[in-house]
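S.K.: Coordinates only, no sequence provided:
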C-alpha cells in the first residue's frame, strides 16, 4: 500500500512572498477591469449621443416635398 506524504507547511517567508505575488496579480486584474469598465462607459456614451445632424431638425421650406 502506497503511503501519502503530507506536504510540509511553508515557512513565513514563503507565505509572505506568495501573498505579495497574489497582491500584485490582483492589482493587475483590478487595473484591467477598470480599463474595461471605462471602455464600456465610453462606448455607451458614444452610442447614446444624438447624431450630429438630427433628422427633421429644420422645417422644410414651403412647397418642398
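M.R.: Happy to help now that I have it. As the structure is a computational prediction, the values presented were derived from the model and not from experiment. Numbers count the residues shown, from 1 in each chain.

S.K.: Can you report phi and psi for residue 8?
M.R.: Per-residue torsions, residue 8: phi -70, psi 150 (degrees, to the nearest 10).

S.K.: Next, count neighbours for it.
M.R.: 6 (other CB atoms under 10 Å). (C-beta placed from N, C-alpha, C; glycine too.)

S.K.: any idea of the pLDDT on it?
M.R.: Residue 8 carries a pLDDT score of 85 in this model.

S.K.: for residue 4, same thing?
M.R.: Reported pLDDT at residue 4 in the predicted model: 78.

S.K.: just residue 35 next, same as before
M.R.: 89.

S.K.: And residue 61, what's its pLDDT?
M.R.: In this model, residue 61 is scored at 63, pLDDT.

S.K.: residues near residue 39, how many?
M.R.: Residue 39: 10 neighbours (other CB under 10 Å).

S.K.: which residues does it contact?
M.R.: Listed by CB atoms under 8 Å, 6 or more residues apart in numbering, the contact set of residue 39 is empty.

S.K.: measure it to residue 32 for me?
M.R.: According to CB to CB, to the nearest Å, residue 39 stands 11 Å off from residue 32.

S.K.: Same question for residue 7.
M.R.: For residue 7, the distance to residue 32 equals 32 Å [CB to CB].

S.K.: just residue 22 next, same as before
M.R.: As judged by CB to CB, residue 22 and residue 32 stand 16 Å apart.

S.K.: now do residue 11
M.R.: Distance, residue 11 to residue 32, by CB to CB: 32 Å.

S.K.: Tell me where the chain has strands.
M.R.: For the chain, no strands are identified by DSSP state E.

S.K.: which sections of it are below the confidence cut-off?
M.R.: Scanning the chain for pLDDT under 70 picks out the ranges 1, 45-65.

S.K.: Quick check: the gap between the residue nearest to residue 18 when sequence neighbours are not counted and residue 21.
M.R.: Spatial nearest neighbour of residue 18, chain neighbours left out: residue 10 (7.6 Å); criterion: CB to CB, 6 or more residues apart in numbering. Per CB to CB, residue 10 is found 13 Å from residue 21.

S.K.: cool, residue 27 as well?
M.R.: Taking CB to CB, one finds residue 27 at 11 Å from residue 21.
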